Structure formats: C-alpha cells, structure tokens
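**Q** Next come a sequence and a model predicted from it.
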Amino acid sequence: MKKITRILTVALMAGLMSCGDAKQKEQQTNSADTISNQPSTTKTARIPQKITPSLWVDKDAKAVVDYYLSIFKNGKMKEYHQYKNPAEAKAAGGADSFETAVMEIGDIEFSILAAGPYFKFNESVSFVINCEDQAEVDYYWDALTKNGGEEGSCGWCKDKYGLSWQVVPVEYFDLINSADPKVREKAMKNTLTQKKLILSELK
C-alpha cells in the first residue's frame, strides 16, 4: 500500500506540474523548490501537439535526454526541472526530489519523468522510426542497440532504457501492401527471418 501511495502521489504531482498556464510555470521556475538550467518555455513556443508521450524513467532526466539527443541529431532539450517531493510522498518512502524534462526529437515533444524504479517499459508500446533508406535503418538500429540496447525480431529493438522501437524503411510498407500477392508474401515471409530489416532481401 505504501508503494502504491508513493507512486500515485509522485505521478499526480508530476502531472499537475506539467499543466497550467505560462504564469504558473514561471512561478515554479522561480520557486525555491525548482532548479532549472534553462528558461521555461511558453505554450506558444511549443509544438502544437495535442498528445505528448510521457516516459517514466528511474533517475537522471538530463542523462536520458542527452542519450536520445545523441541519436536524434536535430533534437533539443526544451525544459528541465527538479522538484522537492511533497511530504506525503516522502513519508511513504519516496526520495527527497524528482526530475522532469521536455525534449523534442523527430519534431515530436516527449516528457520525461525521473521518479524512481517503479515502472518498466515493455513491448506493448513502441515508437516507429520511418527511415528513408537502408543507410538510415542501419544508423538508427546500430545507435539504439549498442551500449546496453537489444536486438529483437522483424525490425524491433530496444534501447538501453528498455524502450522499444521499430526501425522501418518506408518502402517496406509498399512491399507488404503491394497489389501483387507474390511481392506481399515474399516481404512478409522474409520479415520473419530478420532482426534488422534488410530491404534488399525483402524485395
């Protein structure tokens, strides 16, 4: 029960702190409970994105962002904050503080919540990287699977945090949806024998 209370309290606080208007964000940034190395971003400067994926990690939101920015080259960290945990969370066994960050990669904004090792990623959620060609497939596959990542099957892999990705050449979708049944069948059959997708072997 204490663990559930701690998790729900941290999640609720993180959700509340990610909401609100620009004035509330400015007040949080200036408060003694908040440490930021970058100015808070106003709503008008953000991507007009209705839904933002939120990733829960164990610790060090900055390191998580740096990792993804090393792979997705045109990304950026938009916000970083450190908050003191409320008394209720600490009383239930939570840490003294937790961190949040906002990063933009691939023109998508992601929220990062670093609040302890209570939840792990699994294959039920993954992100698809649409690659222009085999060279781009090779780049992302290698970048995500090295240094603690893991190869999967059929174009699936995990990065070092356990987050699942599908690294797919866009031409692949033309093959598996081709009007020619022979093309479809070959692409599907060969997909099942591959880890990283090799386009030349699917045609």
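**A** All right, it came through fine.
**Q** contacts and neighbour counts: CA atoms only from here.
**A** OK.
**Q** ok, residue 106 - contacts?
**A** By C-alpha atoms under 8 Å, 6 or more residues apart in numbering, the contact list for residue 106 reads 72, 74, 75.
**Q** Let me know the secondary structure of the second one.
**A** Recorded secondary structure, residue 74: coil (DSSP: H, G, I helix; E, B strand; the rest coil).
**Q** For the most centrally placed residue in the chain, pull up the helix or strand it's in.
**A** Taking C-alpha atoms, centre = their mean, the centroid of the chain lies closest to residue 55, which sits 5.4 Å from it. Using DSSP states H and E, the element containing residue 55 is strand 54-57.
**Q** Given that strand, what are its sheet partners and their directions?
**A** With DSSP bridges as the test, strand 54-57 is paired with strand 108-114 (parallel).
**Q** pLDDT averaged over the strand it pairs with, what's the number?
**A** Computed over strand 108-114, the mean pLDDT rounds to 96.
**Q** what does stretch 69-78 give?
**A** On average, stretch 69-78 scores 96.
**Q** Over to stretch 187-198?
**A** In this model, stretch 187-198 has a mean pLDDT of 98.
**Q** Please apply the same query to stretch 169-184.
**A** The model assigns stretch 169-184 a mean pLDDT of 97.
**Q** Can you give me the buried ones in that stretch?
**A** 169, 170, 171, 172, 175, 176, 183, 184 (16 or more other C-alpha atoms under 10 Å).
**Q** contact partners of it?
**A** Here stretch 169-184 makes contact (C-alpha under 8 Å, 6+ apart) with 130-134, 136-137, 185, 187-188, 197, 199, 202-203.
**Q** Of those, select the buried ones using a PyMOL command.
**A** PyMOL command restricting those to the buried ones, with burial defined by 16+ other C-alpha under 10 Å:
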select buried, resi 131+134+136+137+185+187+188+197+199+202
